[in-house]
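Visitor: Sequence and predicted structure, then a few things I'm wondering about:
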Amino acid sequence: MIEIQIIRQSPELVKQKLSVKNFSDLHLVDEILQADEERRAIQKQLDDIRSRENAIAKEIGVLFKEGKKDEAEAKKAETVSLKEESATLTNRFAETEKRQFDLLVQLPNLPCDLVPKGKTAEDNIVAKQVGDIPVLHANAQPHWELGKKYDLFDLELGVKITGAGFPVYKGKGAKLQRALISFFLDRAIEAGYNEVIPPHMVNEASAFGTGQLPDKEGQMYFATADNLYLIPTAEVPVTNIVRDEIFDEKQLPIKMAAYSPCFRREAGSYGKDVRGLNRVHQFDKVEIVQIQHPAKSYETLDSMCAHVESLLQALELPYRILRLCGGDMSFSSALTYDFEVYSTAQQRWLEVSSVSNFETFQTNRMKVRYRDENKKTILCHSLNGSAMALPRIVAGILENHQKEDGIYIPKALQPYTGFDKIV
RNA sequence: AGAGAGGUGUCCGAGUGGUUGAAGGAGCACGCCUGGAAAGCGUGUAUACGUGAAAGCGUAUCGAGGGUUCGAAUCCCUUCCUCUCUGCCA
């Protein structure tokens, strides 16, 4: 949620930035300002009346104590009209406040100055491309064929048990999953992140805090009996750990890493996008989250990107880094870098990580602040990134490291798998 | 899931209708004292919104939401959570 102060101070700049994100309902900005003005005007009146009510109540209290019952009863009459007025104003205030909130929540985050204009994925900027695309042997196969060939995962079996998009990992495929999770977590811990194991279901307040609600409701699985959402990413429970907290400036940054399964309904996805492990409803991911001082958050974003990059290098995968254009960025983000691994057998890039700075968009919703040297409370910045999402990494490893005689496990991963080759 | 108890500030803890944003204590910060420290003494120590250049002032907040009342932390209703006992269970 954009801070109202920013909209109040520079509505035109806000509109201009929103249009970089391809957001066209700019009239919302004016409506917000109008509601804001109205709200403040009502609050002034309301506070004034309540102040008078309070004063009279106190006087009545004193009169009763002094035993002046008649005077006290007379005073009561004075409050009648005030009570009516304050009741009306209270309603109007609540309405206006809600109207402002409902509008405010519809605005996506403002992109930072580095975000390129653009509408679709085509307009993203390739910031960096590393690693040669391997030349595969003649019988090279896509990962779903390799999964069958080496009995690593079974999608049909998942259909039987649950439904489409719920893979069953088997044998060395299962071990590879576990190895990657441990590897990613250990690397995060080495980089100073504190490991947490969060709940895999969240309440409405948490889903609101990170920006999943209200607009992305349909993307999450919802347990109606208990009003809980299955998490689409560990970002949601992990970032909410600091909800409503006020930190000492010295405590920043807060660095947390978590492994969790992720559940996504992925309504509307189809075709070659969903082949094999390309897009599934349940997958594993290690997520890194930081809560940082506003002045340092972009430095932190760079360091998080460097961390993800080091993982891709350790796994010996060809990758590229994209700086997302305004139109392709998520609702909550101010700047996002996507990491893609080249799927050689499919001849396409697969997104394996997304690292974002949300600035105050999430922390404003969650009220995550720090206290500066003047004891003022100021919103922190929040950042997160996948480090990393497993299925497409698995796809990348299987496809890029396949040889005639089997699939080679990158050296860095061998201590975790306990084998150096899948045959 | 059933029965009972309870949810107050950073923490402990008082408070069952009247100047209570909230006693007291601990902690923390600053100052005095000290050669230095401890002890002691003094001062300060919530958040949000509104208003103001600022100091400040106003309003709201004692799990959450609603109600009674001139007035609610205190009474009533709803709801969430915690603890104890019983049941069930990895």
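Guide: Now that the structure is in, tell me what you want to look at. This one's a predicted model, so the numbers in the text were calculated from it and none came from an experiment. Numbering: from 1, shown residues only, chains lettered A, B, ... in the order given.

Visitor: SS state for the nearest residue in space to residue A:7 that is not next to it in sequence?
Guide: Counting by C-beta to C-beta, 6 or more residues apart in numbering, residue A:14 is the residue found nearest to residue A:7 once chain neighbours are left out, at 5.3 Å. C-betas here are computed from N, CA, C, even on glycine. Remark: residue A:14 carries the secondary structure label helix [criterion: DSSP: H, G, I helix; E, B strand; the rest coil].

Visitor: Hmm, residue A:14 is touching residue A:2, no?
Guide: Yes. Applying C-beta atoms under 8 Å, one finds residue A:14 in contact with residue A:2, separated by 7.1 Å.

Visitor: Need the overlap of contacts for those two.
Guide: Counting by C-beta atoms under 8 Å, 6 or more residues apart in numbering, the shared contacts of residue A:14 and residue A:2 are residue A:110.

Visitor: on that earlier part again, got a list of what the residue nearest to residue A:7 touches?
Guide: If you count contacts by C-beta under 8 Å, 6+ apart, then residue A:14 has A:2, A:6-7, A:29, A:110 around it.

Visitor: Next one, pLDDT for it please.
Guide: What the model reports as pLDDT for residue A:14 is 95.

Visitor: same check, this time on residue A:17
Guide: Residue A:17 carries a pLDDT value of 95.

Visitor: Where does it sit: helix, strand or coil?
Guide: Three-state call for residue A:17 (three-state DSSP): helix.

Visitor: What is the burial count for it?
Guide: As a burial measure, residue A:17 scores 22 neighbours (other C-beta atoms under 10 Å).

Visitor: Just give the closest residue to it, not the sequence neighbours.
Guide: Spatially, and ignoring its direct neighbours in sequence, residue A:17 is nearest to residue A:110 (4.2 Å; C-beta to C-beta, 6+ apart).

Visitor: Three-state assignment for the one you found, please.
Guide: Classification of residue A:110 into helix, strand or coil gives coil, according to three-state DSSP.

Visitor: ok, now which ones touch it?
Guide: Taking C-beta under 8 Å, 6+ apart as the contact definition, residue A:110 lies against A:2, A:6, A:14, A:17-18, A:21, A:334, A:359.

Visitor: please redo it, this time with the cut-off set to 7 Å
Guide: Residue A:110 makes contact with A:2, A:14, A:17-18, A:334 under the criterion C-beta atoms under 7 Å, 6 or more residues apart in numbering.

Visitor: Using TSV, please lay out the residues you listed together with distance to residue A:347.
Guide: As requested, these are exported to TSV (distance: C-beta to C-beta, whole Å):
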residue	distance to residue A:347
A:2	40
A:14	42
A:17	36
A:18	36
A:334	33
